[in-house]
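*Asks:* Fold the stuff below for me.
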Amino acid sequence: MIMVEQKLETKKAQAPKPPVVASKKEVNEDAWRIIIHPLLTEKSINVVESQNKLTFIVRTEATKKQIKWAVENALAVKVEAVNTLIDREGKKRATVKLTKEFKAADIATRFGML
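*Replies:* Numbers count the residues shown, from 1 in each chain. Okay, the predicted model is just below:
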């Protein structure tokens, strides 16, 4: 019993660690670890023009919330919805709908898609 109480006392005496503040560069790098690359197909380009959506190949284990966070931080836009699917090759595609404030065509131009 005495040894257990001593261990508890030493844990209480330790000071809490300060929060880690990530720089913008580190956040951007983390976002691009989730997003692998934009998808350049005829269908995805038509969706950019007609529905204000972008399509990306993302990590297979990424969730919709992680994909939304990554797109918002990497591209400095607001995301309205995220749809995902895993294709026959085992790659995960994420179709991201942007809010009306942002134009998917502008982002696609930055990537050289249009």
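
*Asks:* got the residue ranges for the strands in this protein?
*Replies:* For the chain, the strands defined by DSSP state E cover 35-38, 53-58, 79-86, 92-98.

*Asks:* export these to TSV and tack on mean pLDDT and distance to residue 66?
*Replies:* (C-beta placed from N, C-alpha, C; glycine too.) Formatted as TSV, the entries for the strands of the chain read as follows, by pLDDT from 0 to 100; distance: least, CB to CB, whole Å:
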stretch	mean pLDDT	distance to residue 66
strand 35-38	94	10
strand 53-58	96	8
strand 79-86	97	9
strand 92-98	97	10
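
*Asks:* Mean neighbour count and distance to residue 110 for those - can I get that in JSON lines?
*Replies:* Shown next, in JSON lines, are the strands of the chain (neighbours: other CB atoms under 10 Å; distance: least, CB to CB, whole Å):
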{"stretch": "strand 35-38", "mean neighbour count": "16", "distance to residue 110": "10"}
{"stretch": "strand 53-58", "mean neighbour count": "22", "distance to residue 110": "11"}
{"stretch": "strand 79-86", "mean neighbour count": "14", "distance to residue 110": "16"}
{"stretch": "strand 92-98", "mean neighbour count": "20", "distance to residue 110": "13"}
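
*Asks:* who wins for proximity to residue 68 among these?
*Replies:* Ranking these by distance to residue 68, with CB to CB as the measure, places strand 79-86 first at 4.8 Å.

*Asks:* counting contacts, what elements does the closest one pack onto?
*Replies:* helix 64-75, strand 92-98 (3 or more CB pairs under 8 Å, 6 or more residues apart in numbering; DSSP states H and E).

*Asks:* Can I get that strand in CSV? Just the C-alpha atoms.
*Replies:* Backbone C-alpha positions of strand 79-86 (Å, rounded to 0.1, in the frame of the first residue of the first chain) are rendered in CSV as follows:
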residue,chain,number,x,y,z
VAL,A,79,-16.6,22.4,-47.3
GLU,A,80,-20.4,21.7,-47.3
ALA,A,81,-20.4,17.9,-47.8
VAL,A,82,-18.0,15.0,-48.4
ASN,A,83,-18.9,11.8,-50.2
THR,A,84,-16.5,8.9,-50.4
LEU,A,85,-16.2,5.6,-52.3
ILE,A,86,-13.6,2.9,-52.7
